[in-house]
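my questions are about this predicted structure, shown below with the sequence.
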Amino acid sequence: MQAKRRAILASQIRRKERIMARSEEKEPEEMDRLQVKMQRMEQAEMRRMEREQRRQKQLEDYKKKVEQELMIKPGSDRACVSSTISLNRGHSHRRHLMNLANVCGTLTKRACRAQSNVGNNNANAEQNGCSSSTARAVGVSSPVAELSLKLIFPGHVSNEQRQKVQAAIAQSDSKHFLVLFRDHQCQYRGLYTLDQFSDTVHKIEGLGPKVCREPKMTIMFKYDSGSKSFGRIQTKHLSATIDGFVIAEQYWQKPKIPHSCR
């Protein structure tokens, strides 16, 4: 009986020794794994800080460029330039976007589908839009902002669409808006607000996904006050300098094919 007890105690002691040996063997591996994890976290933090610094530098460069344009261009051109920038985050930028909404309605209809109730100014816009697939200058006067804004879009002005965009901007509390285009030809599809803290844009009017992030975007545009058009820029990062974007084809909803009736 005593020999059996001694054998049990010996086996328990051996088991404890094996457990201690295994824990000692695993401890260096755990330390290495923890160090690798800490290094990855530090690298991610460094990348985030570099990205923030790069965005801040882009914003400062953009501000300097706009200030130079303001010093060069007098009169109405200066007012037009100041209405297109995002430096003033208050009411003035908001009023400029109301102007932008007046013209964004032109993106919804092609010139070949124009309606007979459009005025003479809209007919001139149609002739300019048909002559080029990219865009032609269309003069639009907005009583809201009391400024004359020229933007480049093909197609006819849609009063209903313009009113929808104006209402969406008026109801939103955002200070920066972005336009969603269908492709590189700058065909209007929707209006989004920019959230700089989460690097996302949220839809407030039109078509497209409710929320878009940088990986979904393929092309980004910036409004050029000199050529009065949206120009493509070589960047993949959201910032206050971005005025429009295009998403990848797979994020557009395709029309459902109905089942054939027999």
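Thanks, I have the structure now.

pLDDT score for residue 242?
Per-residue pLDDT puts residue 242 at 86.

surely it is within a helix?
No. Counting by DSSP: H, G, I helix; E, B strand; the rest coil, residue 242 is not found in a helix; it is coil.

which residue, other than its chain neighbours, is closest to it?
residue 220 (5.2 Å; Cβ to Cβ, 6 or more residues apart in numbering). In this view, the C-beta of every residue, glycine as well, is placed from N, C-alpha and C.

please, which helix or strand holds the one you found?
Assigned by DSSP states H and E, residue 220 falls within strand 217-224.

partners of that strand, with directions?
Using DSSP bridges, strand 217-224 pairs in its sheet with strand 229-233 (antiparallel), strand 244-247 (antiparallel).

quick one: neighbours of the closest residue to residue 204 other than its chain neighbours, just the number.
Nearest non-adjacent residue to residue 204, counting by Cβ to Cβ, 6+ apart: residue 168, 4.6 Å away. Residue 168: 19 surrounding residues under other Cβ atoms under 10 Å.

list the buried residues for the helix or strand encompassing residue 168?
Per DSSP H and E: residue 168 is located in helix 159-171. Going by neighbour count (16 or more other Cβ atoms under 10 Å), the buried part of helix 159-171 is 161-162, 164-166, 168-169.

and it, what does it pack against?
helix 91-104, strand 188-195, strand 200-206 (3 or more Cβ pairs under 8 Å, 6 or more residues apart in numbering; DSSP states H and E).

remind me which residues of the stretch 101-250 of the chain are low pLDDT?
Residue ranges of the stretch 101-250 of the chain with pLDDT under 70: 101-159.

and the residue lying closest to residue 226 once chain neighbours are set aside, how many neighbours does it have?
Leaving aside its sequence neighbours, residue 226 sits nearest to residue 69 (Cβ to Cβ, 6+ apart; 7.8 Å). By other Cβ under 10 Å, the residues close to residue 69 number 17.

and for residue 232?
Around residue 232 there are 13 residues (other Cβ under 10 Å).

my guess is it meets residue 218, correct?
No. Using Cβ atoms under 8 Å, residue 232 is not in contact with residue 218, being 10.5 Å away.

tell me the contacts of the closest residue to residue 182 other than its chain neighbours?
Distance criterion Cβ to Cβ, 6+ apart; nearest residue to residue 182, sequence neighbours excluded, is residue 189 at 5.1 Å. Residues counted as contacts of residue 189 (Cβ atoms under 8 Å, 6 or more residues apart in numbering) are 107, 180-182, 206-208.

how close does residue 189 sit to residue 177?
Note on residue 189: its distance to residue 177, by Cβ to Cβ, to the nearest Å, is 14 Å.

so the longest helix along the chain versus strand 217-224, what angle?
Taking DSSP state H as the criterion, the chain has its longest helix at helix 2-72. Helix 2-72 runs at 30 degrees relative to strand 217-224, counting by axes from the mean of the first three to the mean of the last three Cα atoms, to 10 degrees.

which elements pack onto helix 2-72?
Against helix 2-72 (3+ Cβ pairs under 8 Å, 6+ apart) you get helix 75-84.

surely residue 245 is in contact with residue 183?
No. Here residue 245 lies out of contact with residue 183, judged by Cβ under 8 Å, at a distance of 11.3 Å.

comparing these two, which residue is more hemmed in?
residue 245 (21 against 12).

who does that one form a beta bridge with?
Following DSSP bridges, residue 245 is listed with bridge partners residue 180, residue 220.

tell me the contacts of it?
Going by Cβ under 8 Å, 6+ apart, residue 245 touches 178-181, 201, 212, 217, 219-221.

any idea how far residue 239 is from it?
Taking Cβ to Cβ, one finds residue 245 at 11 Å from residue 239.

okay then, goodbye and thanks.
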